[in-house]
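**Q** for reference, the sequence and a predicted model appear below.
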Amino acid sequence: MTARIGILTDDSAPELTDDGRAIVTRLERRGFSVEPIVWTDDAVDWDEYDAIVFRSCWDYHTAPERFQSLLAALEGADTVVYNPVSVIEWNVHKSYLFELEAAGVQTVPTVLLEPGDDRTLESVLRDRGWEDAVVKPAIGASSTGVWRTSLEAISRGEQRLEAERSDDVLVQPFLPAIRDGERSIVFVRGEYSHAWNDVPQADEFSAFDETDLSYEPDDSVREAAAATLETACELVGVGSEELAYARVDYLERNGEFVLMELELIEPYLGLDRTENGIERFVEGVTTLLDQSSRL
């Protein structure tokens, strides 16, 4: 019987992205029946699918409760999910950074402000000794809702923070190393695939001017990124080989790896930016499907 695979996307790409369609083509060549599914479609019967692969559901952070309902439905369905639901649940809220830090991963210093927290932005910056800071949603994707503030402009910062205090937010120091670029390493089933460096615009920190595809991390950085992924998997209770994909975003500060974010839900993977990237991804998914007792 032909295995039926659903690939999750959102309304912005209901027929999947270019690399998503390339993935479908290659999986179909291997004998699978594959179709895109907009994750907010309430009419979907998840039990009809042998496997579900999260890919381009980039707007999940705009409807977190609905997304949690999706995860609950998938958890109860007779289907396998990649990445596993437990991994996605852990990765939704950026408080996972605190768990990784406690486990020994070098992360960007972070303060969590929850609704009802009476600390001001100024008190956080002065307590931590930060002149400049970045504020971001605790549940967010890409650079949506990310902004920069400073003690010098604290009044405007306080006003903006007050308008956003209904949700959890993170406050982090602005690290000048971001001017050299935010680097990303992609792993497929726990194995290094490829990397790139997003270089920000001259007067920005979250808008990128160019992407350096020639960037290649040295062995120590690869090892640090791989160790970060292994630590996360240990915290969740899965093996890194159980993940169809992972993207580790980081800075290099004074020659050291500093984790920015660990992307395990719906990251852009740049599969078309590297030779055989799509093939490696499809091979990884196929291996997972072959190993699944569901298929």
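**A** Done, it's in.
**Q** so where is this protein shaky, pLDDT-wise?
**A** 201-210, 293-295 (pLDDT under 70).
**Q** top helix in it by residue count?
**A** In the chain, taking DSSP state H as the definition, the longest helix is helix 219-236.
**Q** what's it packed up against?
**A** helix 85-92, helix 96-102, strand 182-188, strand 246-253, strand 256-263 (3 or more C-beta pairs under 8 Å, 6 or more residues apart in numbering; DSSP states H and E). To be clear about C-beta, it is placed using only N, CA and C from the backbone, and glycine gets the same treatment.
**Q** could these go into TSV alongside mean neighbour count and distance to Pro36?
**A** Shown next, in TSV, are the helices and strands packed on helix 219-236 (neighbours: other C-beta atoms under 10 Å; distance: least, C-beta to C-beta, whole Å):
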stretch	mean neighbour count	distance to Pro36
helix 85-92	20	18
helix 96-102	16	28
strand 182-188	23	21
strand 246-253	21	21
strand 256-263	19	20
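**Q** okay, angle between the longest helix of the chain and strand 182-188 too, please.
**A** Helix 219-236 and strand 182-188 are oriented at 60 degrees to each other (axes from the mean of the first three to the mean of the last three C-alpha atoms, to 10 degrees).
**Q** identify the residues contacting helix 219-236?
**A** Outside helix 219-236, the residues that touch it by C-beta atoms under 8 Å, 6 or more residues apart in numbering are 84, 86-87, 90, 96, 99-100, 103-106, 183, 185, 187, 190, 192, 217, 239-240, 242-243, 246, 248, 250, 252, 257, 259, 262, 264.
**Q** mind listing what's buried along that helix?
**A** Using 16 or more other C-beta atoms under 10 Å as the burial criterion, the residues of helix 219-236 that qualify are 221-222, 224-226, 228-229, 231-233, 236.
**Q** farthest-apart pair in these, please.
**A** Pairwise distances across the buried residues of helix 219-236 peak at 23.1 Å for Val221 and Val236 (criterion: C-beta to C-beta).
**Q** for the longest strand along the chain, list the C-alpha coordinates in PDB.
**A** Counting residues, the longest strand found in the chain (DSSP state E) is strand 191-200. Extracted C-alpha coordinates of strand 191-200, given in PDB (Å, rounded to 0.1, in the frame of the first residue of the first chain):
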ATOM      1  CA  GLU A 191      24.100  15.200  10.700                       C
ATOM      2  CA  TYR A 192      25.600  18.400   9.400                       C
ATOM      3  CA  SER A 193      24.200  19.400   6.100                       C
ATOM      4  CA  HIS A 194      25.200  23.000   5.300                       C
ATOM      5  CA  ALA A 195      25.500  26.500   6.600                       C
ATOM      6  CA  TRP A 196      25.300  30.200   5.700                       C
ATOM      7  CA  ASN A 197      25.800  33.700   7.200                       C
ATOM      8  CA  ASP A 198      23.100  36.400   7.000                       C
ATOM      9  CA  VAL A 199      24.800  39.800   7.000                       C
ATOM     10  CA  PRO A 200      22.600  42.600   8.400                       C
END
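**Q** which of the residues in it are buried?
**A** 193-200.
**Q** what's around Phe174, how many residues?
**A** Using other C-beta atoms under 10 Å, the number of residues around Phe174 comes to 16.
**Q** kindly report the same for Gly270.
**A** The burial count for Gly270: 18, using other C-beta under 10 Å.
**Q** distance between the ends of stretch 158-175?
**A** Taking C-alpha to C-alpha, to the nearest Å, stretch 158-175 runs 20 Å from one end to the other.
**Q** go through it and flag the buried ones.
**A** 161, 168-175.
**Q** and it, how far out from the chain middle?
**A** Distance of stretch 158-175 from its chain centroid, counting by C-alpha atoms, centre = their mean, to the nearest Å, is 20 Å.
**Q** got a list of contacts for it?
**A** Residues contacting stretch 158-175 (C-beta under 8 Å, 6+ apart): 93-95, 97, 108-115, 117, 120-122, 124-125, 128, 130, 132-139, 145, 147-150, 205, 251, 253, 258.
**Q** what about the strands in this protein?
**A** Counting by DSSP E, the strands of the chain are 4-9, 33-38, 51-56, 80-82, 111-113, 132-137, 147-150, 169-173, 182-188, 191-200, 208-212, 246-253, 256-263.
**Q** alright, I will stop here.
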